[in-house]
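In: model this:
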Amino acid sequence: MGIFDRLFGKKEQKETLDNGLQKTREGFFGKLAKAVVGKSVVDEEVLDEIENALVSADVGIATTVKIIERLENRIKSDKYLNISELNTILKKEIQEILITSTVDNSYINYELPSGHKPHIILVVGVNGVGKTTTIGKLAHNFSLAGKSVLLGAADTFRAAAVDQLTIWSERTNVPIVKKEMGSDPASVAYDTVISGVAKNVDVILIDTAGRLHNKSHLMDELSKIKRVIQKVVPDAPHEVMLVLDGSTGQNALEQAKHFTAATEVTALAITKLDGTAKGGVVLAIADQFSIPVKFIGVGEKATDLLVFDKQDFVDGLFQRT
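Out: Next up, the predicted model:
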């Protein structure tokens, strides 16, 4: 058991996840309950209602069609699918989609991948998705896990972003590298990595500007940041993490498409799942992108940013109270 797990145990993490998925779970199962009223077997009408429930939870059309097709194939092979079996079968199909989408076990208990130090994470995402807050929560949780952390405020186009990250720096007692508004983001990133290497820190979290209106400019800016930090650490960044707002549903999916087209994203963090009934977007994103979801946000507290566990997520979605 890791240091973080002792501070915030598996049971507590599961309860946090279950609570965070409450709105999605209630919305989904509310529709599902109506679909099976008076039914004894899963027929075409029930399948239509299941499809509606999945789409309403923002699972997305493509992923919903995949789940419905699997249920139809199950009906054809079994010749008969009892309503009482529906939850079990549906859970299994959703679980299968998540398990086969991406295989990734990094960051369990906020442990860092081995083989390099510092571990450098470049964080990207549009303004308003909770990007800077996510960085602050990551800093807090890595610190809880016994890791030394350094923040880099390379979103120099918004004074609010630097100010917000500074507040997190003070709150978590984690040092920060920053410059005046309008400074070259790449120079901030470079100075951050230089400082992190000199201080022998475990992890460096670099915030970047959240602009998407010009993909070419975004790509150029991120490419420049990568080039300058590679002068210090040749294999950096070790992670390019895209933060998405889960409460925006399919819009989060569109943002993922734009960012993955503009830069090489290696990890996803999906925030604000506790305030929405659209938590099914996690399934859509995991299904449609070959990029692992590594963190999910299910509450305001720093410890409500959880390392994504596929099995726990499915269990939380189907947890009946």
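
In: element containing the residue nearest the centre of the chain, please.
Out: Nearest residue to the geometric centre of the chain (CA atoms, centre = their mean): residue 269, 2.2 Å. Assigned by DSSP states H and E, residue 269 belongs to strand 267-271.

In: now do residue 86
Out: Taking DSSP H and E as the definition, residue 86 sits inside helix 83-101.

In: where does pLDDT dip in the stretch 51-200 of the chain?
Out: Residue ranges of the stretch 51-200 of the chain with pLDDT under 70: 79-81, 99-105.

In: that older thread, identify the neighbouring strands of the strand holding residue 269 in the sheet and state each direction.
Out: According to DSSP bridges, strand 267-271 forms sheet pairs with strand 239-245 (parallel), strand 293-297 (parallel).

In: once you drop chain neighbours, what's closest to residue 23?
Out: Once flanking residues are discounted, residue 23 sits nearest to residue 277: 4.5 Å by CB to CB, 6 or more residues apart in numbering. (Each C-beta comes from the backbone N, C-alpha and C, glycine too.)

In: residues touching the nearest residue to residue 276 once chain neighbours are set aside, list them.
Out: Using CB to CB, 6+ apart and skipping the chain neighbours, the partner closest in space to residue 276 is residue 247 (3.9 Å). If you count contacts by CB atoms under 8 Å, 6 or more residues apart in numbering, residue 247 has them with 272-273, 275-276, 278.

In: if we can go back for a sec, that's a helix at the residue nearest to residue 23, yeah?
Out: No - going by DSSP: H, G, I helix; E, B strand; the rest coil, the assignment for residue 277 is coil, not a helix.

In: model confidence score at it, please.
Out: pLDDT recorded at residue 277 is 78.

In: thinking again about what came up before, any idea how far the strand holding residue 269 is from the middle of the chain?
Out: 2 Å (CA atoms, centre = their mean, to the nearest Å).

In: same question for that strand, mean pLDDT?
Out: Strand 267-271 shows an average pLDDT of 92 in the prediction.

In: same question, stretch 308-321
Out: So the average pLDDT for stretch 308-321 ends up being 79.

In: with only the CA atoms kept, save that stretch in CSV.
Out: Provided in CSV are the C-alpha atoms of stretch 308-321 (Å, rounded to 0.1, in the frame of the first residue of the first chain):
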residue,chain,number,x,y,z
PHE,A,308,-8.8,6.7,-13.1
ASP,A,309,-9.6,3.1,-12.5
LYS,A,310,-11.7,1.5,-15.2
GLN,A,311,-13.2,-1.2,-13.0
ASP,A,312,-14.1,1.2,-10.2
PHE,A,313,-15.7,3.6,-12.7
VAL,A,314,-18.0,0.9,-14.1
ASP,A,315,-18.8,-0.2,-10.6
GLY,A,316,-19.6,3.3,-9.6
LEU,A,317,-21.8,3.8,-12.7
PHE,A,318,-23.8,0.7,-11.7
GLN,A,319,-23.7,1.2,-7.9
ARG,A,320,-27.3,0.9,-6.7
THR,A,321,-28.2,2.7,-3.5
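
In: coming back round to it: ok, which of the strands paired with strand 267-271 comes nearest residue 286?
Out: Minimum separation from residue 286 across the strands paired with strand 267-271 (CB to CB) falls at strand 293-297, 5.6 Å.

In: ok, residues contacting the closest one?
Out: With CB under 8 Å, 6+ apart as the criterion, strand 293-297 contacts 17, 20, 102, 104, 106-107, 130, 134, 137-138, 241, 246, 267-274, 282, 285-286, 304-308, 313.
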